[in-house]
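In: quick one, what's the 3D model for this:
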Amino acid sequence: MAGLLAFGGYNNSVFLMGWTGGYVLLALLLAPYLRKFGKFTVPEFVGDRWAWA
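Out: Reported below is the predicted structural model:
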């Protein structure tokens, strides 16, 4: 992301805002499920929720 700003200037700051906003949105949507299952990380949640073995 820093490279986009360095090479493209502030015109590429839209990507930085989109990346950050998407990350926050994903965290807000995923947090209730992590809390319900008592897990702290996404790999723990996925491992217990969709265990194949």
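
In: contacts, neighbours, all on C-alpha from now
Out: Will do.

In: buried ones in the top helix by length along the chain?
Out: In the chain, taking DSSP state H as the definition, the longest helix is helix 13-37. Judged by neighbour count (16 or more other C-alpha atoms under 10 Å), helix 13-37 contains these buried residues: L34.

In: please point out which parts of the next helix-or-strand element following it sit buried.
Out: Going down the chain from helix 13-37, the next helix or strand is helix 42-49, by DSSP states H and E. Applying a neighbour-count criterion of 16+ other C-alpha under 10 Å, the buried positions in helix 42-49 are F45.

In: could you dump helix 42-49 to CSV, C-alpha only?
Out: Taking only C-alpha atoms (Å, rounded to 0.1, in the frame of the first residue of the first chain), the coordinates of helix 42-49 have been written out as CSV:
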residue,chain,number,x,y,z
VAL,A,42,-9.8,-17.0,12.2
PRO,A,43,-7.7,-20.2,11.7
GLU,A,44,-9.0,-21.6,15.0
PHE,A,45,-12.5,-20.8,14.0
VAL,A,46,-12.2,-22.4,10.6
GLY,A,47,-10.5,-25.4,12.0
ASP,A,48,-13.2,-26.1,14.5
ARG,A,49,-16.1,-25.0,12.3
